[in-house]
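Visitor: Sequence first, predicted coordinates after that:
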Amino acid sequence: MNDVSPAAANRDPAIRVIAERRSVYAFSQAPVDESDIRLALDMAVRAPNHRLTRPWRFAVFLGAARHRLADAFAAAAAARQLDPERTRSKQLIAPAVVCAGVSPRLDRPKVVEEEEAHAVAAAIQNMMLALHARGLGSLWTTGALCDAPEVKEVLGWKGVRERVLGVIHVGRAAPTDRLPSRQLGHTEFTAWYR
């Protein structure tokens, strides 16, 4: 059962954006307006962040620059006996790619590394919601190759504790993208205590 009524979604644009956002698996290769990505990143850094450490890091790859990132992923795959060409092609599915990472501020008292990563995850969700509100689709991908040294080198992230938490592909959904229904509510995942 979907707990978001159509009436509630129509009354509140924020609810509508959250209810309608979904992962896109097939993108048009039409360029993405840089201003939309800048706006989404501005929304990303408004995520909750315990101790106000601002641990997020982003790297944006547009157009031909995506090939540098794809080559780094291919090198990481080859070093691990994985298919480099398949890996390279996965990084080129959308016209824009945003790498999101964490640079924990462990030099500050009471900062917990796991909370720093949670702040970045919240930032990624904010960014994806903002992209959706601007009519753009996104796909958050993860995996061991995201944080491979070959990838971090291209990003210029050299800190010992810096980690890539995801690669977000950004663009307009292609007409061939599958549009699964998202009739999901909280009921089966929630216990209420009164």
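Guide: Alright, I've got the coordinates.
Visitor: Going by neighbour count, which residues of stretch 46-53 are buried?
Guide: The neighbour-count check on stretch 46-53 (16 or more other CB atoms under 10 Å) flags 47, 49, 53 as buried. The way it works is simple: take the backbone N, C-alpha and C, and place the C-beta from them, glycine included.
Visitor: Go ahead and name everything in contact with the host helix or strand of residue 38.
Guide: Residue 38 belongs to helix 34-44 when assigned by DSSP states H and E. Residues outside helix 34-44 that contact it (CB atoms under 8 Å, 6 or more residues apart in numbering) are 56, 58, 60, 62, 96, 98, 100, 123-124, 126-131, 134, 136, 170.
Visitor: what about 6 Å?
Guide: The contact list for helix 34-44 (CB atoms under 6 Å, 6 or more residues apart in numbering) reads 58, 60, 123, 126-127, 130-131, 134.
Visitor: Beyond that helix, next helix or strand please.
Guide: strand 56-62.
Visitor: Specify which member of the contacts of helix 34-44 is nearest to residue 73.
Guide: residue 60 (15.9 Å; CB to CB).
Visitor: for that closest one, what are its contacts?
Guide: Counting by CB under 6 Å, 6+ apart, residue 60 makes contact with 37, 98.
Visitor: wait, which of the buried residues of stretch 46-53 is closest to residue 140?
Guide: The nearest member of the buried residues of stretch 46-53 to residue 140, counting by CB to CB, is residue 47 at 14.2 Å.
Visitor: do you know how far the closest one is from residue 38?
Guide: Remark: distance between residue 47 and residue 38 (CB to CB, to the nearest Å) = 16 Å.
Visitor: Kindly report the same for residue 81.
Guide: In this view, residue 81 and residue 38 are 39 Å apart by CB to CB.
Visitor: When these two are compared, which one has more neighbours?
Guide: residue 38 (11 against 7; other CB atoms under 10 Å).
Visitor: coming back round to it: extract the C-alpha trace of the helix holding residue 38 and format it as PDB.
Guide: C-alpha atoms of helix 34-44 as PDB (Å, rounded to 0.1, in the frame of the first residue of the first chain):
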ATOM      1  CA  GLU A  34      25.700  23.000 -15.600                       C
ATOM      2  CA  SER A  35      23.500  25.300 -13.600                       C
ATOM      3  CA  ASP A  36      21.200  22.400 -12.700                       C
ATOM      4  CA  ILE A  37      24.100  20.400 -11.300                       C
ATOM      5  CA  ARG A  38      25.400  23.500  -9.400                       C
ATOM      6  CA  LEU A  39      22.000  24.000  -7.800                       C
ATOM      7  CA  ALA A  40      21.800  20.300  -6.900                       C
ATOM      8  CA  LEU A  41      25.200  20.500  -5.300                       C
ATOM      9  CA  ASP A  42      24.100  23.600  -3.300                       C
ATOM     10  CA  MET A  43      21.200  21.500  -2.100                       C
ATOM     11  CA  ALA A  44      23.400  18.600  -1.300                       C
END
